[in-house]
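[1] Got a predicted structure here, sequence first:
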Amino acid sequence: MTTQMFARAFARSLCSILCAVMATAWLCPATGCAAADAAKQLPNIVIIFCDDMGHADVGCFGAQGYTTPHLDRMAAQGVRFTNFHVPQAVCSASRAALMTGCYPNRIGIHGALSPKVNHGIADGEMTLAELVKQKGYATGMAGKWHLGHHPQFLPVHHGFDEYLGLPYSNDMWPLHPEAKKGTYPGLPMIEGDKPIKVGLDHKDQEQLTTQYTERAVRFIEKNKDRPFFFYLAHSMPHVPLHVSDKFRGKTARGLFGDVISEIDWSVGQVLAALERCGVAGNTWVIFASDNGPWLSYGDHAGSAGPLREGKGTEWEGGTRVPCIMRWPDKLSAGKSSDAMFMTIDLLPTIAKLIGAKLPEHKIDGLDVWPVIAGNQGAKNPHEAYAFYYANNQLQGVGTADGRWKLLFPHAYRTLGGRPGGKDGIPVKYEQRGVEQPELYDLQNDVGETKNVIAGHPDIVKQLEAFAEKMRADLGDNLTKRKGDGVREPGRIPEQ
């Protein structure tokens with residue numbers, strides 16, 4: 001064990017002791033009751049994060065060929081956000097942003113980390129789990145992590161009390177350096193920081209959604225009498241698609257619809273557990289996706305609806321994802337909001353709500369609770385948002401009100417209007433390019449069909465000035481700029 005890992009283990013042990021003291025503080029009538037009452041007032045938090053679910057893959061967002069009654073009920077009891085974004089439309093980068101409140105390139109996480117790499121989330125970054133630990137929360141996770149597959153990068157070394165899931169995408173095990181040699185057994189299921197099974201087969205993957213859900217429900221039941229945070233990161237509907245017998249063949253949309261129906265069931269199980277345990281009113285449930293649909297997979301992929309392109313691009317179809325939030329004690333029911341905000345804003349918003357301290361290092365998100373709550377006159381506090389992709393390419397920036405988006409010259413992948421593949425076999429993308437800066441009025445053209453740059457020089461000037469600040473801070477490989485504000489990821493020393 002390295003010195004850093006020992007220090008983190010010691011800190012977790014100390015935190016557990018303090019939490020135990022808080023839990024039994026009623027023995028001290030002078031201060032114990034106050035501490036216990038304060039703990040009861042802290043909200044529980046559940047984040048359900050899907051993989052490759054498109055903007056139009058939920059019933060209340062326009063899904064076709066299947067229904068999502070539990071998600072639709074969640075929306076009816078909470079708020080549906082139609083302009084919620086991830087900063088990068090790809091697995092690891094998106095999850096890094098959610099967990100740390102940072103643009104992923106700030107912390108050295110780019111793209112989708114392969115089993116070939118020897119880096120992951122650094123010890124010095126503060127995750128959501130570590131943030132809420134300040135307030136004595138129980139923390140758990142089930143599902144896809146994808147912020148480094150070596151033991152020191154796994155959730156239990158970054159603030160989570162427990163973890164069950166896959167270290168990366170469910171299609172990635174052939175990319176392991178030992179796979180071609182025949183010495184790597186396959187996809188591993190991790191418990192804590194150790195594999196409990198390797199070489200997951202089709203039957204194993206058919207049970208992933210059920211396994212993750214059961215773990216979430218048990219965690220809620222076990223921790224209902226104290227504040228808790230659970231991160232349920234479904235491996236689906238990322239290909240290869242797998243579904244249990246409970247939902248196989250149940251929808252008109254085929255296997256993809258069956259998979260989404262099972263995810264909807266999972267949401268229903270979580271909501272029912274919260275209600276059964278008597279904690280639904282004070283639990284903030286957040287449902288979203290890590291990026292848009294992987295369009296090249298056709299009938300095994302979802303839909304971005306009216307949005308342009310999908311996963312792997314910084315067009316709206318890649319970064320704008322479905323989002324539903326329910327918190328009966330705090331959020332009005334049955335609302336729909338087109339206010340823009342990002343995953344990077346969740347960590348600082350949660351910090352403000354529970355009174356936790358933000359990390360001393362710079363993060364990019366801001367407290368957007370007034371926007372989420374729909375307070376009258378609330379405005380997004382950001383100057384603008386940045387959209388990086390690939391190897392630190394600043395491909396676009398957008399105003400914080402969600403109306404204007406300026407794209408810079410870059411290459412992107414597209415099907416060019418062609419249909420995607422069938423039965424899990426993708427078709428090839430073609431490469432196209434943005435040749436000159438393009439400006440889109442998303443309020444009137446959500447599909448990004450008409451470049452209006454000639455008519456709005458003031459908006460262009462405003463967004464270009466913001467882009468220059470981002471290049472100075474985080475760099476930009478498109479303009480060959482180095483940033484002063486980037487931090488190194490964690491690394492495994494080369495053998």
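    Yep, it's here.
[2] Quick check: Ile127 touching Met99?
    In this structure residue 127 is Thr, not Ile. Yes: contact between Thr127 and Met99 holds when scored by CB atoms under 8 Å: they sit 4.6 Å apart. The way it works is simple: take the backbone N, C-alpha and C, and place the C-beta from them, glycine included.
[3] what about those two, which has more around it?
    Met99 (29 against 24; other CB atoms under 10 Å).
[4] which residues do Thr127 and Met99 both contact?
    By the contact definition CB atoms under 8 Å, 6 or more residues apart in numbering, Thr127 and Met99 are jointly contacted by Ile121, His158.
[5] Quickly list the domain ranges of this protein.
    Here the chain is described, according to automatic domain parsing, as comprising the domains 15-24+42-381, 386-487.
[6] could you give me the average pLDDT of the first one?
    It refers to domain 15-24+42-381. If you average the pLDDT over domain 15-24+42-381, you get 96.
[7] likewise the shortest one?
    When the per-residue pLDDT values of domain 386-487 are averaged, the result is 98.
[8] roughly how far out does it sit from the chain middle?
    Relative to its parent chain, domain 386-487 has a centroid offset of 20 Å by CA atoms, centre = their mean, to the nearest Å.
[9] tell me how far the ends of that domain are from each other?
    17 Å (CA to CA, to the nearest Å).
[10] looking at this, Lys352 is in a helix?
    Yes: inclusion of Lys352 in a helix is indicated when DSSP: H, G, I helix; E, B strand; the rest coil is applied.
[11] Neighbours of His242, how many?
    Count around His242 with other CB under 10 Å applied: 23.
[12] Asn477 too?
    Here the number of neighbours of Asn477 (other CB under 10 Å) works out to 15.
[13] Could you pull up the residues touching it?
    Ala390, Asn391, Asn392, Gln393.
[14] and it, backbone torsions?
    With angles defined as degrees, to the nearest 10, Asn477 sits at phi -70, psi -20.
[15] and the gap between the closest residue to it other than its chain neighbours and Gln88?
    Once flanking residues are discounted, Asn477 sits nearest to Asn392: 4.7 Å by CB to CB, 6 or more residues apart in numbering. Counting by CB to CB, to the nearest Å, the gap between Asn392 and Gln88 amounts to 10 Å.
[16] Identify the contacts common to those two.
    Common contacts of Asn392 and Gln88, defined by CB under 8 Å, 6+ apart, comprise Asn105.
[17] how about a markdown table for the domains of the chain, with distance to Glu494 added?
    Conversion of the domains of the chain to a markdown table gives the following (distance: least, CB to CB, whole Å):
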| stretch | distance to Glu494 |
| --- | --- |
| domain 15-24+42-381 | 7 |
| domain 386-487 | 20 |
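[18] looking at the ones you listed, which is buried most?
    Of the domains of the chain, the one with the most neighbours on average (mean count of other CB atoms under 10 Å) is domain 15-24+42-381, at a mean of 21.
[19] Which residues lie in contact with the residue nearest to His149 when sequence neighbours are not counted in this structure?
    For His149, the nearest residue in space outside its immediate sequence neighbours is Pro167; the separation is 3.7 Å by CB to CB, 6+ apart. For Pro167, the contact set (CB under 8 Å, 6+ apart) comprises Pro115, Trp145, His146, Gly148, His149, Leu154, Pro188, Ile190.
[20] hang on, the earlier thing: so which of the domains of the chain comes closest to Pro493?
    Each of these was checked against Pro493 via CB to CB, and the shortest separation belongs to domain 15-24+42-381, namely 8.1 Å.
[21] So what's the gap between that closest one and the chain middle?
    Taking CA atoms, centre = their mean, the mean C-alpha location of domain 15-24+42-381 is offset from the chain mean by 5 Å.
[22] which SS state does Ile109 fall under?
    The local conformation at Ile109, judged by three-state DSSP, is coil.
[23] shouldn't it be in contact with Gly490?
    No: using CB under 8 Å, Ile109 is not in contact with Gly490, being 9.9 Å away.
[24] which SS state does the closest residue to Ala351 other than its chain neighbours fall under?
    With CB to CB, 6+ apart as the criterion, Ala351 has its nearest non-adjacent residue at 5.3 Å, and that residue is Leu358. With three-state DSSP as the basis, Leu358 sits in coil.
[25] Is it correct that Leu358 is in contact with Pro348?
    Yes: using CB under 8 Å, Leu358 makes contact with Pro348 at a distance of 6.1 Å.
[26] what touches both of these two?
    Common contacts of Leu358 and Pro348 (CB under 8 Å, 6+ apart): Gly101.
[27] Could I get the CA-only coordinates of the helix or strand where Phe219 lies as PDB?
    For Phe219, the host element (DSSP states H and E) is helix 208-222. Presented in PDB, the C-alpha positions along helix 208-222 are these (Å, rounded to 0.1, in the frame of the first residue of the first chain):
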ATOM      1  CA  LEU A 208     -26.500  -6.500 -14.200                       C
ATOM      2  CA  THR A 209     -29.500  -4.200 -14.000                       C
ATOM      3  CA  THR A 210     -31.100  -6.400 -11.400                       C
ATOM      4  CA  GLN A 211     -27.900  -6.800  -9.400                       C
ATOM      5  CA  TYR A 212     -27.200  -3.100  -9.300                       C
ATOM      6  CA  THR A 213     -30.800  -2.400  -8.300                       C
ATOM      7  CA  GLU A 214     -30.900  -5.000  -5.500                       C
ATOM      8  CA  ARG A 215     -27.700  -3.500  -4.100                       C
ATOM      9  CA  ALA A 216     -29.200   0.000  -4.100                       C
ATOM     10  CA  VAL A 217     -32.400  -1.200  -2.400                       C
ATOM     11  CA  ARG A 218     -30.500  -3.000   0.300                       C
ATOM     12  CA  PHE A 219     -28.300   0.100   0.900                       C
ATOM     13  CA  ILE A 220     -31.400   2.300   1.300                       C
ATOM     14  CA  GLU A 221     -32.900  -0.200   3.700                       C
ATOM     15  CA  LYS A 222     -29.700  -0.500   5.700                       C
END
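[28] Which strands and helices lie in contact with that helix?
    Taking 3 or more CB pairs under 8 Å, 6 or more residues apart in numbering; DSSP states H and E as contact, the helices and strands that helix 208-222 lies on are strand 138-143, strand 162-165, strand 228-233, helix 255-276.
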